[in-house]
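Peer 1: no FASTA, just this:
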């Protein structure tokens, strides 16, 4: 089947979907690792261009940078899968139906779980295309790295580049599973999904059962860890030393906190293990990372909220194991999240919480000192009638902040706080869970907490904490799904299995027949 040609010119909601036809289009590379004059110009239908791209070490480096830039696009982790669409799937924002505002109509349709709506279909198609765009770019690196990786003189760097490509593919394919796949437990419907390892526009990626898909995902994570183990510069230097002042001769290997480094891959494995119900593995990996020592013998990547918030770093960059650079995140986040002090809330175009919703979000918490409550939310956003709303200000900062590129213009992807929540949820020793809880809350500037009296009480806290900690970072829908939750905060009706199963875009081969209306 001419898969990619089949989907090339389909029209959805008035827009042409050319999915994966130009998945390796020209991309400006303005990240830390390359100059703004570098370009990724690789097209799968031009074999000579592809061959030239991967004929040098610089070509591999540029291609990998392109993968991270693709991940940071607004159609996936730059916005839809962090701030807007994914959070509306979990009914986290106040949303209203307004036919005059197409952007928020997508969010409204997703919040209503009306997957037959053209608005939902357009949003889902954009997300799907963006994920597989990134995957195919990673596949190109893996393909040529295995075939002629010797053009990369350093064996360590060669393994890092190939390992990161495996990790990027795994990160995106895990979210394909979490969005489109069957319930990890307790469901009645089976879903087959594509696990894409191809670079050929005419080749249809195979579809796999849930078990076989997981096997592919685990293999990619294992390959990434194997390649990065002992080769990642983070085994020689600390995260802070990799901010551009390390002794690495090749500047491409710095800023490891922005990349799928070895420890980020381990954190991804913990996330995957938790999602599929392997709680023992999830706990073991999370605890190993929490207790790990860096090159200086100190804690590898400790919780940073207490210090970060005190200096205005609301995204906790110093506990990020993986983050994306996004130079314009403040501008476009503000247009949706009404986070600045002079914002005016418009329910037709903006995403916010009522002050009552914010109080519910932090119910039972010490809001007099809790730094997420005090500094991650702007509680003085007025609407046209003078009513106050709460806008998420995580991505907002003053224009003259120093080192904005390192501490503000980022999208968090994997953080140490998630490891703590995983360890607390999966732990079997109440004393250890309470120790982790005290450390975790101290990072929120809450120094005195009442210990949990049971593991069930701890798990109830963790469920609520996923909402508080990762608001506008896109984790709550997946949390509801893995737990099979029927009752959600701010949702009036009960969630059913179909609410959790996003249909594949109409442009794709779909053997499942689920939620196709």
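Peer 2: The structure has been received and is ready for your questions. Since we're looking at a predicted model, the values are computed, not measured. Residues are numbered from 1 along each chain as shown.

Peer 1: Which helix runs longest in this structure?
Peer 2: helix 118-148 (DSSP state H).

Peer 1: after that helix comes which helix or strand?
Peer 2: Tracing the chain past helix 118-148, the next element assigned as helix or strand by DSSP states H and E is helix 155-180.

Peer 1: packing partners for that following helix?
Peer 2: Here helix 155-180 touches helix 57-71, helix 118-148, strand 193-194, helix 210-228, helix 262-275, helix 476-483, going by 3 or more Cβ pairs under 8 Å, 6 or more residues apart in numbering; DSSP states H and E. Every residue, glycine included, has its C-beta placed from N, CA and C.

Peer 1: Mind giving me the packing neighbours of the longest one?
Peer 2: Packed against helix 118-148, as judged by 3+ Cβ pairs under 8 Å, 6+ apart, are the following elements: strand 10-12, strand 15-17, helix 47-53, helix 57-71, helix 102-111, helix 155-180.

Peer 1: for that helix, which positions count as buried?
Peer 2: Applying a neighbour-count criterion of 16 or more other Cβ atoms under 10 Å, the buried positions in helix 118-148 are 119-145.

Peer 1: now it: mean pLDDT?
Peer 2: When pLDDT is averaged over helix 118-148, the result is 96.

Peer 1: Next: the fifth one.
Peer 2: Helix 262-275 carries an average pLDDT of 98.

Peer 1: And the contacts of the helix or strand that comes right after it?
Peer 2: Stepping forward along the backbone from helix 262-275, the first helix or strand reached (DSSP H and E) is helix 279-291. Contacts of helix 279-291 from elsewhere in the structure, counted by Cβ atoms under 8 Å, 6 or more residues apart in numbering, are 263, 266-267, 269-271, 273-274, 300-301, 321, 416, 419-420, 422-423, 425-428, 436.

Peer 1: Buried among these? Make that a ChimeraX selection.
Peer 2: Selecting only the buried entries of these in ChimeraX, with 16+ other Cβ under 10 Å as the criterion:
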select :263,266,267,269,270,271,273,274,300,301,321,416,419,420,422,423,425,426,427,436
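
Peer 1: Quick check: residue 404 vs residue 360, distance?
Peer 2: Residue 404 is 33 Å from residue 360, where distance means Cβ to Cβ, to the nearest Å.

Peer 1: the domain parsing of the protein - what is it?
Peer 2: Domain assignment for the chain by automatic domain parsing gives 1-231, 257-485.

Peer 1: And the contacts of stretch 419-437?
Peer 2: Outside stretch 419-437, the residues touching it (Cβ under 8 Å, 6+ apart) are 267, 270-271, 274, 279-280, 282-283, 286-287, 289-290, 303, 439-440, 449, 451-452, 454-455, 458-459, 461-462, 465-466, 469.

Peer 1: 7 Å instead?
Peer 2: Contacts of stretch 419-437 with the rest of the structure, by Cβ atoms under 7 Å, 6 or more residues apart in numbering, involve 267, 270, 274, 279, 282-283, 286-287, 289-290, 303, 440, 449, 451-452, 455, 458-459, 462, 465-466.

Peer 1: Could I get the phi/psi values of residue 358?
Peer 2: Residue 358 adopts backbone torsions of phi -60, psi -40, taken as degrees, to the nearest 10.

Peer 1: Over to residue 296?
Peer 2: For residue 296, the backbone dihedrals are phi -90, psi 10 (criterion: degrees, to the nearest 10).

Peer 1: For the remainder of this discussion, apply numbering that starts at 34.
Peer 2: That works, and once the first residue is 34, the last one we named lands at residue 329.

Peer 1: neighbours around it, how many?
Peer 2: As a burial measure, residue 329 scores 11 neighbours (other Cβ atoms under 10 Å).

Peer 1: pLDDT score assigned to the residue found closest to it once you drop the neighbours it is linked to in the chain?
Peer 2: Across the structure, with Cβ to Cβ, 6 or more residues apart in numbering as the measure, the residue nearest residue 329 apart from its sequence neighbours is residue 271 (5.3 Å). We note a pLDDT of 93 for residue 271 in this prediction.

Peer 1: got it, and the one 10 residues further on?
Peer 2: In this model, residue 281 is scored at 70, pLDDT.

Peer 1: Would you mind measuring from it to residue 102?
Peer 2: Spatial separation of residue 281 from residue 102 under the definition Cβ to Cβ is 22 Å.

Peer 1: just residue 446 next, same as before
Peer 2: Distance of residue 446 to residue 102, given as Cβ to Cβ: 14 Å.
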